[in-house]
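In: model the following, please.
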Amino acid sequence: MDWSGYSISPMGLQARFGDRVVPAFCERPKSIWAMVMEAASRNPDGEALVCGERRMNWREVVQQSAGIATGLRKTGVRAGDRVALLLGNRIEFVLAMFAVANLGAVTVLLSTRQQKPEIAHVLTDCGAMLLIHEATLSDRLPAAADMPDLKYRLSVDDTGASAFSALTDNAPLQDHAEVGEEDIAMILYTSGTTGRPKGAMLAHCNVIHSAMIFVSCLQLTASDRSIAAVPLAHVTGAVANVMTMVACAGTLIILPEFKAVEYLKVAARERVTYTVMVPAMYNLCLLQPDFESYDLSSWRIGGFGGAPMPVATIEKLKANVRDLKLMNCYGATETTSPSTVMPGELTAEHLDSVGLPCPGAQIIVVDAAGRELPRGEVGEIWIHGGSVIKGYWNNPTATAESFTGGFWHSGDLGSIDEQNFVRVFDRQKDMINRGGLKIYSAEVESVLAGHPAVVESAIIAKPCPVLGERVHAVVVTRDSDVGSEVLRAWCAERLSDYKVPETIALTIQPLPRNANGKVMKKQLRDALAAH
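Out: Coordinates of the predicted model:
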């Protein structure tokens, strides 16, 4: 299977980052700012950004972004300088990102959930010279004496000399920086499950390629309206939402914070057509007692990733939103997301797959020695293509460990079948080894998700002096009357006996997640070890 039935723009091979050869779109914008200008040229009066009562068309977005670029240049920002954003989901986030791209500078994305030590590490590691932040987060900023490279701090929703609003009072910048396609556009720090977070360097060509892949595979046009329900500071928000809407000159509706009730109200009112969320967010929407009362008839594409979509969730969405196509999108910060997409019409037939390799992406499964494995065998997934980043900022050691010949080592265990469908079973470090029998947590979590009383679950290893590891489940339920034995029996009917959780911890509290929305299994393992 491939994308031959879709209207994919022509591609050709191109040298990139010195020693790579990758497929690239023949006709493409050469920089993020060029892509923004293109959107304004194609759809000047079309709605570009919506956030609450604020609305801007593409012409206004270009004018205001260029004005902010003028202000940033006056403060001394030049091509290659790092400008950090510590902002929530708001219009200023998008305008600032475009302004930085206009100057050929680098946007460094910080999560509003990060604390002072994490913020200090990122700002120090990337050498940011300017920080734009929420006024309400001022107490999380490191002391000026500890940040000698950070020359300026501009606050949104504040007044005075350090107010971000002062940037918007400038005339639009007329002379734009010469930006190379391989120049760094953004630095996003990985979640740091092992050691310090690493700064993934997303070049202009990476971002543009991924945005164009979304537009092509999801068949998006200027009439599409995307709702940004995930953090814009995450690769999904920045690329799948912001940059993809630039690529198709569509509308981005910004949700400051995800709450199921508010999401449904905004999605209905704004006639949303497209979104990308994690499965838990879809589940939370379906749990609303008045879900069926919202008019979601415009919603035609529901992208998801980060976890398997429970069959029950798919069936409920299909029953209530008739024209909605659910499409699994698998990727990572290092691949500028996505690497695979599941065509919506095939989702129901391939629920255990994350989709087909995106046009131009090469995905292989390798053994511990880096040798490609035959179709169907399980190994580590390696990814190559136009969206794969060059490496990590100021960290050649980590880059050398994670990239081979342009292939990024995902750390995910998976397989590829004869029809080219990719399956992801687990992170290498999360696979449970029970007396030599390998258990993939995603498989057990998917089975638990099918139980009507289960909201979400996480499978982790419980140390065992005899078998090495046993299967432990942390399960969030919506029904306090459901006990562990009921859930064990449910799993026993659907899984091999050694995969059935031997111990289950029941809770009504949501699972702990990091700033990227991923379940923090290390925290769950630490809690288990403490008992």
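
In: distance between the helix or strand harbouring Ile363 and the chain's centre?
Out: In the assignment (DSSP states H and E), Ile363 maps to strand 362-366. Distance, stretch centre to chain centre, for strand 362-366: 21 Å (CA atoms, centre = their mean, to the nearest Å).

In: contact partners of it?
Out: Residues from elsewhere that reach strand 362-366 (CB atoms under 8 Å, 6 or more residues apart in numbering): 339-340, 357, 372-373, 377-385, 407, 414-416, 422. In short, each C-beta sits where N, CA and C put it, glycine included.

In: convert the C-alpha atoms of it to PDB, please.
Out: Provided in PDB are the C-alpha atoms of strand 362-366 (Å, rounded to 0.1, in the frame of the first residue of the first chain):
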ATOM      1  CA  GLN A 362      11.700   5.600   4.500                       C
ATOM      2  CA  ILE A 363      11.100   3.500   7.500                       C
ATOM      3  CA  ILE A 364      13.000   0.300   8.400                       C
ATOM      4  CA  VAL A 365      13.100  -2.100  11.400                       C
ATOM      5  CA  VAL A 366      16.500  -3.200  12.500                       C
END
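
In: what residues of that strand count as buried?
Out: Under the neighbour-count criterion of 16 or more other CB atoms under 10 Å, strand 362-366 has Ile363, Ile364, Val365, Val366 buried.

In: next SSE downstream of it?
Out: Strand 362-366 is succeeded, C-terminally, by strand 379-384 (DSSP H and E).

In: what helices or strands is that following strand leaning on?
Out: Packing contacts for strand 379-384, counted by 3 or more CB pairs under 8 Å, 6 or more residues apart in numbering; DSSP states H and E, involve strand 362-366, strand 407-416.

In: where along the stretch 401-531 of the chain do the helices fall?
Out: Secondary structure of the stretch 401-531 of the chain (DSSP state H, counting those that start in this stretch): helices located at 441-449, 484-492, 521-530.

In: ok, the residue lying farthest from the centre of the chain - contacts?
Out: Distance from the C-alpha centroid of the chain peaks at Val466, with 39.3 Å (CA atoms, centre = their mean). If you count contacts by CB under 8 Å, 6+ apart, Val466 has them with Gly435.

In: hmm, 7 Å instead?
Out: Under the criterion of CB atoms under 7 Å, 6 or more residues apart in numbering, Val466 has no neighbours.

In: one step back: would you turn the helices of the stretch 401-531 of the chain into JSON lines with distance to Ala238?
Out: Compiled in JSON lines, the helices of the stretch 401-531 of the chain are given as follows (distance: least, CB to CB, whole Å):
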{"stretch": "helix 441-449", "distance to Ala238": "25"}
{"stretch": "helix 484-492", "distance to Ala238": "37"}
{"stretch": "helix 521-530", "distance to Ala238": "25"}
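
In: among those helices, which is the most enclosed?
Out: helix 441-449 (a mean of 22; mean count of other CB atoms under 10 Å).

In: name the residues of the lowest-mean-pLDDT helix or strand in the chain that are buried.
Out: One helix or strand of the chain scores below all others by mean pLDDT, DSSP states H and E: strand 437-439, with a mean of 81. For strand 437-439, a neighbour-count test (16+ other CB under 10 Å) marks Ile439 as buried.
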